[in-house]
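Visitor: Predicted coordinates and the sequence they were generated for:
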Amino acid sequence: DIFGQETMPTFDLRNTRFLLSFGADFLSTWTAPVQYSKGYGHFRQGEDRDRGTLVQVDSRFSMTAANADDWIPIEPGMEGKLALSIASVIIAEKLVPQDRIDAMTGREDTSFLDQYLPHVIGQELGIPPLRGREPSQVIEELARDFARHGSHSIAIGGGSTAAHTNGLFNLSAIYALNFLVGSVGAEGGIKFNPPAPTRELANVIPPATL
């Protein structure tokens, strides 16, 4: 697991400010739609906060894409490469502190990201020109917006993004973006549910009653 956890994380949509979703149709059927729809309602129109921004990267026009501020169509299976392209911009432009870059890369050399720079890979991803912007410009602007909101940005992935043969690569690249902005374990970011008490119960309840 990229977060070093055995439990499924939860996403604090209520308190986030910038939500970047890769194929996760959380307003329809993805994981916990009731929970996330409620959080999304506050994300959009909570009285004690500014309206949050949703960008949906998706190869289809899903329910979530229909409600997004921006829908970015993409070639199916290319979501992970887009995530790494976003990371390459954030690192190249030094949009976040070095310790966050180290948290994402494990202090490894980041030159491998050069192959994912927007001007190198933009056309391969299948992103069409959007409002007069070329694919490379779309990626650069998306990276800057994501980094600007810091720990109140979340990148999530699921659904169609995970359904390809490279699904693990896609999800690993997407969720790694959260280390760059410091949203792992932060309010408005990714939080972790406590582990199930199974082991503790096994030490208390006789095996015959389990």
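Guide: Cool, got the structure.
Visitor: Might you list the low-confidence residue ranges for the protein?
Guide: In the prediction, the chain carries residues with pLDDT under 70 at positions 1-7, 193-210.
Visitor: how about the helices in this protein?
Guide: Applying DSSP state H to the chain gives helices spanning 33-45, 63-66, 79-92, 98-105, 118-121, 135-148, 167-181, 198-202.
Visitor: Of the ones you listed, which is nearest residue 157?
Guide: For the helices of the chain, the distance to residue 157 is smallest for helix 167-181, at 3.7 Å, taking C-beta to C-beta. Every C-beta, even on glycine, is put in place using the N, C-alpha and C of the backbone.
Visitor: can I get the CA coordinates of the closest one in CSV?
Guide: Provided in CSV are the C-alpha atoms of helix 167-181 (Å, rounded to 0.1, in the frame of the first residue of the first chain):
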residue,chain,number,x,y,z
GLY,A,167,-4.5,-0.1,-12.9
LEU,A,168,-1.9,-0.5,-10.0
PHE,A,169,0.5,1.9,-11.8
ASN,A,170,-2.3,4.4,-12.3
LEU,A,171,-3.5,4.4,-8.7
SER,A,172,0.0,4.4,-7.3
ALA,A,173,0.9,7.5,-9.4
ILE,A,174,-2.4,9.3,-8.6
TYR,A,175,-2.3,8.7,-4.8
ALA,A,176,1.4,9.7,-4.7
LEU,A,177,0.4,13.2,-5.6
ASN,A,178,-1.0,13.6,-2.1
PHE,A,179,2.5,13.4,-0.7
LEU,A,180,3.5,16.4,-2.8
VAL,A,181,0.9,18.7,-1.4
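Visitor: That helix versus helix 79-92: what angle between them?
Guide: Helix 167-181 and helix 79-92 are oriented at 20 degrees to each other (axes from the mean of the first three to the mean of the last three C-alpha atoms, to 10 degrees).
Visitor: now, of the helices of the chain, which is deepest in the fold?
Guide: Across the helices of the chain, averaging neighbours per residue (mean count of other C-beta atoms under 10 Å) puts helix 79-92 on top, at a mean of 24.
Visitor: so what does that one touch, helix or strand wise?
Guide: If you count contacts as 3 or more C-beta pairs under 8 Å, 6 or more residues apart in numbering; DSSP states H and E, helix 79-92 packs onto strand 18-22, helix 118-121, helix 135-148, strand 153-157, helix 167-181.
Visitor: Of all the helices of the chain, which one comes closest to residue 156?
Guide: Proximity to residue 156, assessed across the helices of the chain by C-beta to C-beta, is greatest for helix 167-181 (7.2 Å).
Visitor: The spatially most central residue of the chain and residue 143: what is the separation?
Guide: In the chain, the residue lying closest to the centroid (C-alpha atoms, centre = their mean) is residue 155, at 1.5 Å. For residue 155, the distance to residue 143 (C-beta to C-beta, to the nearest Å) stands at 11 Å.
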